[in-house]
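[1] Pasted the sequence and its predicted model underneath.
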Amino acid sequence: MRQYELVERVRRYNPHADEALLNRAYVYAMKAHGSQKRASGDPYMSHPLEVAAILTELKLDDATIVAAVLHDTIEDTEATREEIDRLFGHEIGELVDGLTKIRRLDLVSKKAAQAENLRKLLLAVSSDIRVLLVKLADRLHNMRTLHFVPPEKRARIAEETLDIYAPLAGRMGMQSMREELEDLAFRHFRPDAYETISKRLVDFFSESGSLVTKIETELRDRLQAAGLKVDVKGRLKKPYSIWRKMERKSISFEQLSDILGFRLIVNTVEECYAVLGVVHRAWPSVPGRFKDYISTPKQNDYRSIHTTVVGPSRQRVELQIRSIEMNEIADYGIAAHALYKDDAANGVGHESRAYTWLRRTVEQLAEGDPEEFLEHTKLELFHDQVFCFTPKGRLIALPRGATAIDFAYAVHTVVGNSAVGCKVNGRIVPLLAPLHNGDEVEIVCAEGQVPPAAWESIAVTGKARAAIRRSTREAVRKQYAGLGRRIIERAFVRAGKTYEDERLKAALPRLARPTLDDVLAAVGRGEIYSGDVVRAVYPDYKGERTISQPTGKTEAGWFGLKQAEGLVFKVPGAQQESNPEPSSQAIPIRGIESDLPVKFAPNGGAVPGDRIIGILTKGEGITIYPIQSPSLMAFDDQPERWLDVRWDIEEGHRQRFPAQISVTVINEPGTLAQIATVIGENDGNIDTLTVTGPSQDFREMLIDIEVWDLKHLNAILSQLRMRPVVSKADRVNG
Ligand code: MN
């Protein structure tokens, strides 16, 4: 690029260009940069000239082109803002100053600081979008010449381009710029992936080259037959977007369905829909792939119709249908609107959304409300992230969909664990509500909180999930430790000793546990027998023994339950007293039209208040199950055996029904008596009671019980749960 070429280019789209101004800028920059060289060995001046040339493709105004020529002078040479103001005027001075500020931000380009830098960058330049356009052109030229830069620097610059500049170009609607930035950056960011995908694209094209021509011809013929003049362009998906899609969806190259696409360009909006009609009549469209961005443009003003059809050779073909104007806007975005050309009369009436967006942005800044600006504009650049602030202004970047829970853990694990509520933008909202860009989030904490285990499935970030898991595990352990302490203290009392933490600590080696809490939790979980803990502290204590060293009946007797494992009680008289063996007549069920015998399912039965199902067994009769019974799953595939039945019973009836409950108790003297008393006092009949022992400190009792109805059963269960010796009481099949 030579100076006269640059002037030529500008004159081509702007005959009134200020040639003298352009030449003065060139001479000034040339002198300022002097003998400086680029990494490529070229004179430095080649760089600002190329940057300016890129901007001529966007047909930008003189001031922007001059700013591009001067963009590195303040930072890299003796030139000053005052001098530039004096020689080129305030407008150009402002532009170059903006670019200088961004350059300085580049120097602080650690990964973590990037989002923050982006914010500053945009704030610094949004008063004049032209600064951003020059910056993008600057970055594009630097990316084009990145291979001259030392290898160790390339990956970082490439990553920054992918993180900040390419999305920025996209947000401004400049797809060509975006694609080129991505392509150049991808080569250096992931050279091996770039290599592989590019090679596969070449293979794909050589294999399907004739196919492309075939589809292209067929499309053109069909459209021509319909009287439509259409510019058809075949187009391969870019390596970077292929890679992103493969990463995002974890799919292979072969599974990508949209590598090949066609752009159909016409003159008018009406023709766009006419083309769509022809295409959809000729080939079946793929459901879910149709998007009409003409009636609903994207926020960056992108307009086009997208559809995918199953093409002539049964392969999927992606089509983009748009007018010439839409295509220009898609490629050049904001720049396509030639915003800063002087002729205001020209193009009035077509105020693009991009322009509105920009103007609003600038207005907001002018009104001195940068926070509002942040909220509404800058942060939309990263579609897959949300940026939120702490009350002190610290920026927290989170994945899209993140909640205040994620935010709290991102601030600090302690904050996450003790979070009980939050305020977003000063208003109290649930912790589970998703956050939005620009939200200021204040977490309300309380001491001694434990995050609910359910949060783990709500949290989006790995950090939050891991911390919640750790914390709930710890909370469960504490509960067991508390239960263990209760059991141990009672055991010491029975042994006539006094329990002290210090003494137990001294005995830890004998229990082979590292800490006091470990012992307590192990007892609570039933892994260590409380009697063994007493003996570990008082080795000559001869009292309770483990079952492995039986000493016969202890003073605790039957109701101590220590020896009760596998024991079955048949409570005498229970059945005769109130409830004879249920017979088919005795089960008051509606919905059965035969004389088949009816019985309750074993293990639990059903009681009035339960929703019930009858299962028909040929030659045997009907078995009644409560609807929640897991046994019903066995009949899932035999719908013909299911009968819709209902209770036929009146309020205040005097008939008992069988149910089964399971009660886990701490094993100590008198426990069984307590349980029997609770059930008796609450008007329940125990039919049979089976004791099993998950461990020496716990006993599980399976009790067949007879109750009036579901309410009665639940009342008994809740009375049982209130007893300190009961650690669990549930209905079987409940
Ligand atoms: Mn530069």
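    Cool, got the structure.

[2] What residues does the residue most central in space within the chain make contact with?
    The residue lying closest to the centre of the chain (Cα atoms, centre = their mean) is residue 460, at 4.2 Å. Counting by Cβ atoms under 8 Å, 6 or more residues apart in numbering, residue 460 touches 398-399, 401-403, 406. The C-beta positions use only the backbone N, C-alpha and C, and glycine is treated the same way.

[3] burial measure for the residue nearest to it when sequence neighbours are not counted, as a count.
    Nearest residue to residue 460 in three dimensions, chain neighbours excluded: residue 402, at 4.6 Å (Cβ to Cβ, 6 or more residues apart in numbering). Residue 402 has 22 neighbouring residues, counting by other Cβ atoms under 10 Å.

[4] mind checking pLDDT for residue 402?
    On pLDDT, residue 402 comes in at 90.

[5] Renumber starting at 32 from here on
    Yes, from this point I'll number from 32; that puts the last item at residue 433.

[6] Ramachandran coordinates for it?
    phi -70, psi 150 (degrees, to the nearest 10).

[7] from what I can see it touches residue 464, true?
    No - between residue 433 and residue 464 there is no contact under Cβ atoms under 8 Å: 10.6 Å.

[8] Tell me how far residue 477 lies from the ion.
    Shown here: residue 477 relative to the ion, a distance of 53 Å by Cβ to the ion, to the nearest Å.

[9] Let me see the contact set for the residue nearest to residue 491.
    417, 465-466, 491-492.

[10] Switch the residues you listed over to JSON lines; also include secondary structure.
    Putting these into JSON lines (DSSP: H, G, I helix; E, B strand; the rest coil) gives the following:
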{"residue": "417", "secondary structure": "strand"}
{"residue": "465", "secondary structure": "strand"}
{"residue": "466", "secondary structure": "coil"}
{"residue": "491", "secondary structure": "coil"}
{"residue": "492", "secondary structure": "coil"}
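
[11] Farthest pair within the residues you listed?
    Greatest spatial distance in these: 465 and 492, 12.7 Å, computed using Cβ to Cβ.

[12] Now a ChimeraX select for only the buried ones of the contacts of residue 491.
    In ChimeraX, this line selects whichever of these come out buried by 16 or more other Cβ atoms under 10 Å:
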select :429,433,434,437
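
[13] So between residue 465 and residue 492, which is more surrounded?
    residue 492 (18 against 14).

[14] Give me the distance between the spatially closest residue to the more buried one that is not a sequence neighbour and residue 567.
    Among residues not flanking residue 492 along the chain, residue 437 sits closest, at 4.5 Å (Cβ to Cβ, 6+ apart). Using Cβ to Cβ, to the nearest Å, one gets 45 Å for the distance from residue 437 to residue 567.

[15] likewise residue 757?
    Taking Cβ to Cβ, one finds residue 757 at 27 Å from residue 567.

[16] before we move on, what about residue 721?
    32 Å.

[17] So which of these two has more stuff around it?
    residue 567 (21 against 16).

[18] okay, now the closest residue to residue 698 other than its chain neighbours: neighbour count?
    In space, and not counting its chain neighbours, residue 698 is closest to residue 730: 4.9 Å by Cβ to Cβ, 6+ apart. Residue 730: 25 surrounding residues under other Cβ under 10 Å.

[19] Mind giving me the packing neighbours of the host helix or strand of residue 730?
    When elements are assigned from DSSP states H and E, residue 730 belongs to strand 729-738. The helices and strands touching strand 729-738, judged by 3 or more Cβ pairs under 8 Å, 6 or more residues apart in numbering; DSSP states H and E, are strand 688-697, helix 702-712, strand 716-723, helix 741-752.

[20] what about the closest residue to residue 119 other than its chain neighbours, which SS state?
    Counting by Cβ to Cβ, 6+ apart, residue 119 lies nearest to residue 97, which is 6.3 Å off, once chain neighbours are set aside. With three-state DSSP as the basis, residue 97 sits in helix.
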